[in-house]
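how would this look folded up:
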Amino acid sequence: MKARELMNYFEELEDQGVDLDNLDVNFREDYDSDVIEVNHVFEDLYDEETNSVLQSIVLTNKEEE
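Down below sits the predicted model:
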């Protein structure tokens with residue numbers, strides 16, 4: 001999935017009256033798997049050539065320290 005697709009989805013939800021400040025983000029491996037709470041996002045991979053162009057981010061469940 002590209003970031004723009006996700007942003008468009010959030011914008012559509014917001015247009016429908018969904019308050020994004022109160023919307024949780026979760027993850028499932030498939031429709032029947034358990035929910036994994038997403039509570040952290042970080043930069044992941046950069047381009048191989050210059051190592052300066054961000055190419056992906058990762059959503060995780062970062063445990064409290």
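
Span of stretch 43-60 from start to end?
In stretch 43-60, first residue to last residue: 11 Å (C-alpha to C-alpha, to the nearest Å).

Quick check: mean pLDDT of it?
Per-residue pLDDT values over stretch 43-60 give a mean of 96.

what's the next secondary structure element after the helix or strand hosting Glu11?
Per DSSP states H and E, Glu11 falls inside helix 3-15. Remark: after helix 3-15, the chain's next helix or strand is strand 26-27, criterion DSSP H and E.

what's that following strand in contact with?
Applying C-beta atoms under 8 Å, 6 or more residues apart in numbering, the contact partners of strand 26-27 are 35-38, 59, 61. For every residue, glycine as well, the C-beta is placed using N, CA and C.

ok, now with 6 Å
With contacts defined as C-beta atoms under 6 Å, 6 or more residues apart in numbering, strand 26-27 is touched by 35-38.

same thing with stretch 58-65?
36-42, 44.

Specify which member of those residues is nearest to Ala3.
Val41 (10.7 Å; C-beta to C-beta).

Tell me if that closest one really is in a strand.
Yes - per DSSP: H, G, I helix; E, B strand; the rest coil, Val41 lies within a strand segment.

dump the residue contacts of it.
Taking C-beta under 6 Å, 6+ apart, one finds 57, 59 in contact with Val41.

quick one: it from Ser52, how far?
Counting by C-beta to C-beta, to the nearest Å, the gap from Val41 to Ser52 is 20 Å.

picking that back up, let's have the contacts of strand 26-27 in a markdown table, adding neighbour count.
Converted to a markdown table, the contacts of strand 26-27 look like this (neighbours: other C-beta atoms under 10 Å):
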| residue | neighbour count |
| --- | --- |
| Val35 | 9 |
| Ile36 | 13 |
| Glu37 | 11 |
| Val38 | 15 |
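
Now do the residue lying farthest from the centre of the chain against Ile36, distance only.
Taking C-alpha atoms, centre = their mean, the residue of the chain most remote from its mean C-alpha position is Glu49, at 25.5 Å. Distance, Glu49 to Ile36, by C-beta to C-beta: 34 Å.

Next, the residue most central in space within the chain: secondary structure please.
When C-alpha atoms, centre = their mean is applied to the chain, the residue found nearest the centroid is Leu59 (5.0 Å). The three-state label given to Leu59 by three-state DSSP is strand.
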